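# sequence first, then the predicted structure:
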Amino acid sequence: MASKRPFSEEDFTCPVCCDIFKDPVLLKCSHSVCRNCIQQYWTVKPSRECPLCRKKSNKNLTVNLALKNLCQTFVDFRGPPEELCEVHRERLSLFCLCDEQLVCVVCRESREHKTHTCRPVNEVAEERKSDFQRELNLLTRKMKIIEYAKFECHQQAEHIPHQLRDTENVIKNEFKHLHQLLNDEEKAMLAALNKEKQQKTKLINNNIKKMNDEVSSLLTTISIMRDYLAAPVVLDPNTANSQLILSEDLTSLRVRDEEDVAGMHRKKLPANPERFDRYPCVLGSVGYSSGTHVWDVDVGDGIFWMVGVTVESVQRKKINSLPSEVWCITYDGEMLSFKAPRESCIPLLGCERPKQVRVKLDLDKRKLSFSDRLSKKLYRINVTSFTEKVFPFFCSLSSVSPLWILPVVEPCS
């Protein structure tokens, strides 16, 4: 029988950031807060005071080691949250094959899904994973067959010169004792052998080149498939502003430079409703309504960029500045800031310019957070209720340093 939790999450929540304590310190008044939270709080206050009781506190902060250990134990004990249906608050245990979405047992009996085919999530996930694995195994086997055929061709190519030398010696020994009458025949046979050697060598070299090209193509296909499976976000080219250049695998973007514009010989992009017509923005291809979603972006040395989320109804036409319905971290070449709808940019004081930004969207807890992926420094946690689908949002004014969406290679805390 599972034991009950001795504490609730509120017991381990920082009163400033409203999240589980990270490196908690003890103030003079006996209240505890995160070290980063109190340091940021004091940067905007003229005096060092407790954010709860307003009592003065010392500059030197003492780590609350007992609370820190309890927080870690609570996080380990709590485990990952279970995804629930947004409408019925039931576990999302089924997958609708018609609508391609997760549903609960109550959704299945609703008018919307009653006539649809629904199957357990685990079965569908295993089947699709098996399909990808089967295709990958097929390509791998095909590559091994070609590699073996290539190896045999190499062996044949190495054997031909030896065979030629042996035959040449036999012919020379046979004709050694003959007169001039047979010399012409000797030369003719040697010439024929040499021609055959050239023809066979040329044929084998051509076959080897074709197989090398096919192997290279297969390796590229396998690499693209593996990258696609690993990438958490893929860009939607139908939303990309015409100033942007997207990579073939739809995981990076940059602004066209003068050379791109001068050498651009392409048809004009269609003015579809999804496309941003003036500002260099692009959205992720998949929108989210529930669950927790994390993606990492390599911003490099870009002089101006924005990384965050927006809603499906964001204005995309006839705007000359950042769309209003955007929650993002922005860098303007001098300062790192946070931007939310109907709010002015909030400077992130004391934060160094990052190389990689992590965006974590928890729709079930209504939390959106931004952090430095490399240093783990948390920039901002925003509590927001979304009433429609939320999409990853990207913007860049750099033609030299592209924004890259990185594969997730480590667990997200």
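Structure received. Computed from a predicted structure; not experimentally measured.
# would you map the helices across the chain?
35-43, 65-78, 105-109, 121-175, 180-230, 258-262 (DSSP state H).
# what residues are up against residue 152?
Listed by C-beta atoms under 8 Å, 6 or more residues apart in numbering, residue 152 has no contact partners. Where you see a C-beta, it was placed from the backbone N, CA and C, and this is true even at glycine.
# quick one: it from residue 145, how far?
11 Å (C-beta to C-beta, to the nearest Å).
# for residue 180, same thing?
From residue 180 to residue 145 the distance is 53 Å (C-beta to C-beta).
# between the two, who's got more neighbours?
residue 145 (10 against 6; other C-beta atoms under 10 Å).
# so what's that one up against?
Per C-beta under 8 Å, 6+ apart, neighbours of residue 145: none.
# and residue 124, how many neighbours?
Residue 124 has 17 neighbours, counted by other C-beta under 10 Å.
# need the strands for the stretch 251-400 of the chain, in chain order.
252-255, 281-283, 292-298, 305-311, 326-331, 336-339, 346-347, 356-362, 367-372, 378-383, 390-396 (DSSP state E, counting those that start in this stretch).
# could the ones you listed go into a markdown table alongside distance to residue 97 and mean neighbour count?
Output for the strands of the stretch 251-400 of the chain, formatted as a markdown table (distance: least, C-beta to C-beta, whole Å; neighbours: other C-beta atoms under 10 Å):
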| stretch | distance to residue 97 | mean neighbour count |
| --- | --- | --- |
| strand 252-255 | 33 | 22 |
| strand 281-283 | 26 | 25 |
| strand 292-298 | 23 | 20 |
| strand 305-311 | 28 | 23 |
| strand 326-331 | 33 | 22 |
| strand 336-339 | 40 | 20 |
| strand 346-347 | 44 | 11 |
| strand 356-362 | 26 | 21 |
| strand 367-372 | 31 | 20 |
| strand 378-383 | 35 | 16 |
| strand 390-396 | 24 | 24 |
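# would you format those as TSV with mean pLDDT and distance to residue 112 included?
Below are the strands of the stretch 251-400 of the chain laid out as TSV (pLDDT from 0 to 100; distance: least, C-beta to C-beta, whole Å):
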stretch	mean pLDDT	distance to residue 112
strand 252-255	94	36
strand 281-283	95	26
strand 292-298	95	24
strand 305-311	95	22
strand 326-331	94	30
strand 336-339	92	36
strand 346-347	92	40
strand 356-362	95	25
strand 367-372	94	28
strand 378-383	87	30
strand 390-396	96	21
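# export those to TSV and tack on distance to residue 236?
Listed next are the strands of the stretch 251-400 of the chain as TSV, based on distance: least, C-beta to C-beta, whole Å:
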stretch	distance to residue 236
strand 252-255	11
strand 281-283	5
strand 292-298	14
strand 305-311	12
strand 326-331	16
strand 336-339	21
strand 346-347	28
strand 356-362	16
strand 367-372	20
strand 378-383	23
strand 390-396	8
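# closest one to residue 68 among these?
Closest to residue 68 of the strands of the stretch 251-400 of the chain, according to C-beta to C-beta: strand 378-383, at 16.1 Å.
# and the angle from that closest one to strand 367-372?
Following axes from the mean of the first three to the mean of the last three C-alpha atoms, to 10 degrees, one obtains 170 degrees for the angle between strand 378-383 and strand 367-372.
# count the neighbours of residue 313 for me.
Residues near residue 313, counting by other C-beta under 10 Å: 10.
# sorry, that was for residue 348
Neighbour tally, residue 348, other C-beta under 10 Å: 19.
# shaky segments in the stretch 151-300 of the chain?
222-231, 258-267 (pLDDT under 70).
# can you tell which of the helices of the chain is closest to residue 329?
Per C-beta to C-beta, nearest to residue 329 of these: helix 35-43, 15.5 Å.
# is it true that residue 337 touches residue 351?
No. In this structure residue 337 lies outside contact range of residue 351 using C-beta atoms under 8 Å: 9.5 Å.
# show me the beta-bridge partners of residue 395.
residue 281, residue 306 (DSSP bridges).
# what does residue 292 give?
Here residue 292 sits in beta bridges with residue 362, going by DSSP bridges.
# and it, what does it touch?
Contacts of residue 292 by C-beta under 8 Å, 6+ apart are 81, 360, 361, 362, 363, 364.
# could the helices of the chain go into JSON lines alongside distance to residue 309?
Below are those laid out as JSON lines (distance: least, C-beta to C-beta, whole Å):
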{"stretch": "helix 35-43", "distance to residue 309": "23"}
{"stretch": "helix 65-78", "distance to residue 309": "25"}
{"stretch": "helix 105-109", "distance to residue 309": "25"}
{"stretch": "helix 121-175", "distance to residue 309": "25"}
{"stretch": "helix 180-230", "distance to residue 309": "21"}
{"stretch": "helix 258-262", "distance to residue 309": "28"}
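# of all these, which lies closest to residue 247?
Among the helices of the chain, helix 180-230 sits nearest to residue 247 (C-beta to C-beta), with 10.4 Å.
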